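Chemist: Got a predicted structure here, sequence first:
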Amino acid sequence: MERRASPFLITLLCLGITFLYLPMLVLITYSFNHSALASVWGGFSTEWYTELLHNQQILKAARLSLEVAVFSSSGALVLGTLAAIALVRFTRFRGRLLLTGMVNAPLVMPEIITGITQLLLFVSMLQLVGWPSRGLTTIVLSHIAFCTAYVTITVQSRLQTADRSLEEAAMDLGASPLEAFVDVTLPIISPALISSWLLSFTLSLDDLVISSFVSGPRSSTLPMVIYSKVKLGVSPDINALASLIICAVGACVLVAGYLVRRTERQRLADAQLAAQ
Amino acid sequence: MSRTTDERMRGAAAIAGAVQRPRSALSRLVERHGRWLIIAPPLVFLFVFFLIPFAFALKISFAEAALSIPPFSAVWHVTADHHLQLTPSLANFKYLLTDEVYAVSYLYSIRTAFFSTLLCLLIGYPMAYAMARSSKATQGILMLVIILPFWTSFLLRVYALEGIIRDNGLLNTALLWLGVIDHPLKIMRTTFAVYLGIVYSYLPFMVLPLYATLEKLDVTLLEAASDLGSRPWRAFLDVTLPLSMPGVIAGSMLVFIPAIGEYVIPALLGGPDNLMIGRVLWDEFFANHDWPVAAAVSIAFLVLLAGPIAVHQYYRVRQLEQ
């Protein structure tokens, strides 16, 4: 579409974006509020950030959440990429429909159902085979399951547009199918791999409902700690923590977006050079 | 396309195989079943950790609550003479049908999800439309602006929204200061707050599929409509809206289905009388410790969700095949 948007439409767009960002900006502003009362501005202060650094409960939960996020996003990256290759490259195999269903269903399955059913599995497994006990392992396993879905969808769409003939050319020149894939196609889909790893990382870091069900009594993730505090009302140190998380995630996404775009542009330039 | 390349590859492999020295049985095995090395890991993992759990939930929904670890009775046991004895209990499902809180909360969740989705569509459509009509460079930036909130924590965004709509939050403070109202609006702990929370959290899911279809729309069709004397509004209703229906359906499903099962938003923003199914399920599990009833509610809920999920799957598969 190339027709200009009317001023009316542009106003609505701006209002919508304001709606998306205003609450977060207000939250960040209030994290520097000296007063512990939510409605009063008591002057600029960074005391809530210092307090945060001394809160052992939050630090411990943050550590656990980061560990879970690293393991789950890496596991999901491997499984999701394999699933994407299977779905794009192998048009016919037994279980294809099953795999398609299982990678798409988690996207719309209510988290609470996934959480309950997975807990029931883990409890029954513990009874039958003595593994896994509830804690880091069970949280990682259930996070891998839903992150795999997001990785598959992202990589699948990138793989579909990748040019197969480049791989065929490599094989004509003597590369094995595996070598051709690793040397030719993998670099092409690498932006999708990076962004899906990051997406899995943030989804895992953010998950409250599934973790609440499958975690053990002594393993609370960061969202679980935040939720139990937030339920009691506004707390200034959570404002500080929230601001830190929002800024960190925002910065990561912007940097990753920039890097992915730069490699894409570089690749296009290379392709043009090669064509000349 | 991939089928012909598949065939070509197989042909090339056959020729290469004929020319090369005979291979060991092992490498032939890898060659023949190599693709299963790729397919099997995700297939088995998702089967065990995503699909099998539903089987266990189904089994436990036929058990009875018990004071043991885990807190439910066995559904089957092997008798002394090695016969498998089934002792399923339908009590949980009977209970679901007799205690009206479940039917009420299910209908209530659907209503909440429906109105939130509608609100989301009304706000998201003009946004996607304006995005699709901006210059290519602006579109890239706007995409990032819309996606960025989706990356930041869902829980924290709901919490941030609370800061705006609280009784002494920014909205009420601003309105009081402007003199529009003389006492604070009661938004927190109302159904409207839940709608607002869902719209706020899920808006990117609505805008992006809409933008994707609107961006591909052929402008010449609109020009043709206006050449034939159509006013802009009529052209929108007759041409743009019908053609953007795939985006409308995809976006609505992405908001509607998860919104029915939403727990965090009604728990943080809704009033104590807000009985969304997610909250009922959570309480059944964590407050009442009745795992079999919670399992039965999940199974019943899933059966009722099967319709919308099937619609979503159908459109996704069709979209992928195009």
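Modeler: Structure received.
Chemist: CA atoms for contacts and neighbours, from now on please.
Modeler: Fine.
Chemist: Report how many residues lie close to residue B:75.
Modeler: 16 (other C-alpha atoms under 10 Å in any protein chain shown).
Chemist: Now it: phi and psi?
Modeler: Backbone torsions for residue B:75, taken as degrees, to the nearest 10, come to phi -90, psi -30.
Chemist: and it, what does it touch?
Modeler: Contacts for residue B:75 (C-alpha atoms under 8 Å, 6 or more residues apart in numbering or on different chains) come out as B:59, B:60, B:62, B:63, B:86, B:87, B:88, B:89.
Chemist: what's around the fourth one, how many residues?
Modeler: When neighbours are counted by other C-alpha under 10 Å, residue B:63 registers 26.
Chemist: next one: the one 10 residues further on
Modeler: Neighbours of residue B:73 under the rule other C-alpha under 10 Å: 19.
Chemist: Same question for residue B:141.
Modeler: Residues near residue B:141, counting by other C-alpha under 10 Å: 12.
Chemist: and the gap between it and chain A?
Modeler: Separation of residue B:141 from chain A (C-alpha to the nearest C-alpha, to the nearest Å): 11 Å.
Chemist: Residue B:110 now?
Modeler: Counting by C-alpha to the nearest C-alpha - residue B:110 and chain A are separated by 13 Å.
Chemist: Tell me how the chain divides into domains.
Modeler: Chain wasn't specified; assuming chain A. A:7-45, A:58-275 (automatic domain parsing).
Chemist: Oops, wrong one, chain B.
Modeler: If you go by automatic domain parsing, chain B breaks into B:2-86, B:99-289.
Chemist: Pick the most buried one from the domains of chain A.
Modeler: Mean neighbours per residue, mean count of other C-alpha atoms under 10 Å in any protein chain shown, is largest over the domains of chain A for domain A:58-275, with a mean of 19.
Chemist: ok now do the closest residue to chain B within chain A, which residues does it touch?
Modeler: At 4.5 Å from chain B, residue A:13 is the closest residue in chain A, using C-alpha to the nearest C-alpha. Taking C-alpha under 8 Å, 6+ apart, we find residue A:13 in contact with B:126, B:127, B:128, B:130, B:131.
Chemist: got a list of what the first one touches?
Modeler: The neighbours of residue B:126, taking C-alpha under 8 Å, 6+ apart as the test, are A:9, A:12, A:13.
Chemist: With secondary structure and pLDDT as new columns, can the residues you listed be given to me in a markdown table?
Modeler: Shown next, in a markdown table, are the contacts of residue B:126 (DSSP: H, G, I helix; E, B strand; the rest coil; pLDDT from 0 to 100):
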| residue | secondary structure | pLDDT |
| --- | --- | --- |
| A:9 | helix | 91 |
| A:12 | helix | 94 |
| A:13 | helix | 94 |
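Chemist: hmm, back to that, please narrow the contacts of residue B:75 to those residing in strands.
Modeler: residue B:86 (DSSP state E).
Chemist: Check residue B:125 and give its pLDDT.
Modeler: According to the prediction, residue B:125 has pLDDT 96.
Chemist: typo on my end, it should be residue B:3
Modeler: 49.
Chemist: Give me the below-cutoff pLDDT ranges for the chain.
Modeler: I'll assume chain A. Per-residue confidence of chain A (counting by pLDDT under 70) places the weak regions at A:1-3, A:38-39.
Chemist: try chain B instead
Modeler: Ranges of chain B meeting pLDDT under 70: B:1-31, B:320-322.
Chemist: Skipping its backbone neighbours, what lies nearest residue B:50 in space?
Modeler: residue A:145 (6.5 Å; C-alpha to C-alpha, 6 or more residues apart in numbering or on different chains).
Chemist: Mind giving me the packing neighbours of the helix or strand where that neighbour lies?
Modeler: Using DSSP states H and E, residue A:145 sits within helix A:136-161. If you count contacts as 3 or more C-alpha pairs under 8 Å, 6 or more residues apart in numbering or on different chains; DSSP states H and E, helix A:136-161 packs onto helix A:56-89, helix A:96-108, helix A:186-206, helix A:209-214.
Chemist: which element follows it toward the C-terminus?
Modeler: The element immediately downstream of helix A:136-161 (helix or strand, assigned by DSSP H and E) is helix A:164-172.
Chemist: That following helix - contacts with which helices or strands?
Modeler: In terms of contacts (3+ C-alpha pairs under 8 Å, 6+ apart), helix A:164-172 is packed against helix A:177-180.
Chemist: Just give me how far the helix it packs on sits from the chain centre.
Modeler: Remark: helix A:177-180 is offset 29 Å from the chain centroid, using C-alpha atoms, centre = their mean, to the nearest Å.
Chemist: Then stretch A:30-41?
Modeler: 31 Å.
Chemist: same question, stretch B:144-156
Modeler: On C-alpha atoms, centre = their mean, the centre of stretch B:144-156 falls 16 Å from the chain's centre.
Chemist: same check, this time on stretch A:100-112
Modeler: 15 Å.
Chemist: Indicate whether that stretch makes contact with chain B.
Modeler: Yes - judged by C-alpha under 8 Å from any C-alpha of the partner chain, stretch A:100-112 and chain B are in contact via A:101, A:102, A:103, A:104, A:105, A:108, A:109, A:110, A:111, A:112.
Chemist: Just send those residues back as CSV, with distance to residue B:234 too.
Modeler: Compiled in CSV, the residues of stretch A:100-112 next to chain B are given as follows (distance: C-alpha to C-alpha, whole Å):
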residue, distance to residue B:234
A:101, 40
A:102, 42
A:103, 40
A:104, 37
A:105, 38
A:108, 35
A:109, 38
A:110, 39
A:111, 41
A:112, 43
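Chemist: Check the stretch 51-200 of chain B for the residue nearest chain A and tell me.
Modeler: For the stretch 51-200 of chain B, C-alpha to the nearest C-alpha, closest residue to chain A: residue B:127, 4.5 Å.
Chemist: Provide a list of residues in contact with that residue.
Modeler: Residues near residue B:127 by C-alpha under 8 Å, 6+ apart: A:9, A:10, A:12, A:13, A:16, B:207.
Chemist: how about a cut-off of 10 Å?
Modeler: Taking C-alpha atoms under 10 Å, 6 or more residues apart in numbering or on different chains, we find residue B:127 in contact with A:9-17, B:121, B:142, B:146, B:206-208, B:210-211.
Chemist: These in strands, which ones?
Modeler: Per DSSP E, the contacts of residue B:127 never map to strands.
Chemist: Need the nearest residue in space to residue B:235, chain neighbours excluded.
Modeler: residue B:225 (6.0 Å).
Chemist: Tell me how many other residues crowd the one you found.
Modeler: Around residue B:225 there are 18 residues (other C-alpha under 10 Å).
Chemist: ok, it touching residue B:218?
Modeler: No - under the criterion of C-alpha atoms under 10 Å, residue B:225 is not in contact with residue B:218, lying 11.8 Å apart.
Chemist: what is in contact with these two at once?
Modeler: Common neighbours of residue B:225 and residue B:218 (C-alpha under 10 Å, 6+ apart) are residue B:239.
Chemist: ok, the residue nearest to residue B:50 to residue A:5 distance?
Modeler: In this view, residue A:145 and residue A:5 are 42 Å apart by C-alpha to C-alpha, to the nearest Å.
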